[in-house]
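Asks: Any chance you could fold what I've pasted below:
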Amino acid sequence: MHSIEDHIGIETTQQIELEHSVASIGERVLASIIDYFILFGIMLLGALISGASGLTFLWIIFMIPVFLYQLLMDLFFNGQSVGKRIMKIKVVKLDGSNASFFTYFIRWTFRLIDINLSLGAVGTVSIIMNSKGQRVGDMAAGTCVVRLVRNVAIQSMLVDLPAGYEPQFNQVINLSDNDVKTLREVVEMWNQSLDFTDVDLSEAGRITGLARQAFEKKLNINSTLSDSVFLSTLLKDYYFYHQVKDIPAA
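Replies: So this is what the prediction gives:
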């Protein structure tokens, strides 16, 4: 049975397994409630405007974004609705690839079974019984919903940054706890290797280059920075978003 402490390993196309915390059913329900309040507000506004103007077609215009809300939010905000952003959870692909329109469309289509027709019963039972916290739509689309918040162990790694520091890559919000640990270890290894022989430096450079390729692939970044500077910048940017401000929209 699925519990709120479950973790899931998501393997990238480079066969690197990244660990994420599966969003609990409570987090998903709260995110849905927030979204429903937003949708109710849109419908109420549409009813008031169409009623006051006597133009019925205005009500239909307002209903279009209500009907397509979840699909459009996932598509344009990388797997997050307003509710999911507030709850700091998001939809991700199990294979580590970027979700496509087709992925989100399949997931949205199955809402009819998971949520609408069954009043959420099918989706709830599926999430509870599935070890990956998937509703039927997630299983069909190859997705799951994970947390973006970090644990205490990661928080203990954070450091002070220079005043006025400006991050370069907000994609670092998609890094898991294990990603950040690996990133820090590679950066520290490179810094320590500068004090040793050319042989050590060569091996450290090779590992740093491989790590750079993996993180660029995962975060969909193409940077002109050198390997070591790029990885150090990722680490600083991660610290920035966790010490200075809330996690931005993914």
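
Asks: count of residues packed around residue 50?
Replies: 17 (other C-beta atoms under 10 Å). Every residue, glycine included, has its C-beta placed from N, CA and C.

Asks: Checking my notes, it in a helix, right?
Replies: Yes - according to DSSP: H, G, I helix; E, B strand; the rest coil, the state of residue 50 is that of a helix.

Asks: pLDDT at it, what is it?
Replies: Per-residue pLDDT puts residue 50 at 86.

Asks: check contacts around it.
Replies: Taking C-beta atoms under 8 Å, 6 or more residues apart in numbering, we find residue 50 in contact with 56, 57, 58, 59, 62.

Asks: roughly how far apart are the residue nearest to residue 186 when sequence neighbours are not counted and residue 35?
Replies: Residue nearest to residue 186 in three dimensions, not counting chain neighbours: residue 211, with 4.5 Å by C-beta to C-beta, 6 or more residues apart in numbering. Distance, residue 211 to residue 35, using C-beta to C-beta, to the nearest Å: 37 Å.

Asks: between these two, which one's more packed in?
Replies: Using other C-beta under 10 Å as the criterion, residue 211 and residue 35 rank with residue 211 on top: 23 against 18.

Asks: where does that one land in three-state SS?
Replies: Of the three states, residue 211 takes helix under three-state DSSP.

Asks: what ranges do the helices span in this structure?
Replies: Counting by DSSP state H, the chain has helices at residues 25-53, 56-76, 82-87, 101-109, 111, 121-129, 136-141, 152-155, 177-193, 198-219, 227-243.

Asks: what bridges to the residue most central in space within the chain?
Replies: In the chain, the centroid-proximal residue (C-alpha atoms, centre = their mean) is residue 90; its distance is 4.4 Å. Under DSSP bridges, the beta-bridge partners of residue 90 are residue 146.

Asks: picking that back up, please check the contacts of residue 50 and keep the buried ones.
Replies: 58, 59, 62 (16 or more other C-beta atoms under 10 Å).

Asks: how much space between the residue sitting furthest away from the middle of the chain and residue 65?
Replies: Distance from the centre of the chain peaks at residue 54, with 42.7 Å (C-alpha atoms, centre = their mean). Computed as C-beta to C-beta, the residue 54 to residue 65 distance reads 22 Å.

Asks: low-scoring stretches of the protein, by residue?
Replies: 1-20, 149-160, 194-201, 203, 242-250 (pLDDT under 70).

Asks: rerun at 80
Replies: With pLDDT under 80 as the threshold, the chain has low-confidence stretches at 1-21, 54, 95-98, 128, 130-131, 148-164, 176-178, 181, 189-207, 241-250.

Asks: distance of the closest residue to residue 81 other than its chain neighbours from residue 107?
Replies: For residue 81, ignoring the flanking residues on the chain, the nearest one in space by C-beta to C-beta, 6+ apart is residue 73 at 4.0 Å. Per C-beta to C-beta, residue 73 is found 12 Å from residue 107.

Asks: Between those two, point out the one with more neighbours.
Replies: Shown here are residue 73 and residue 107; by other C-beta under 10 Å, residue 107 has more neighbours (26 against 23).
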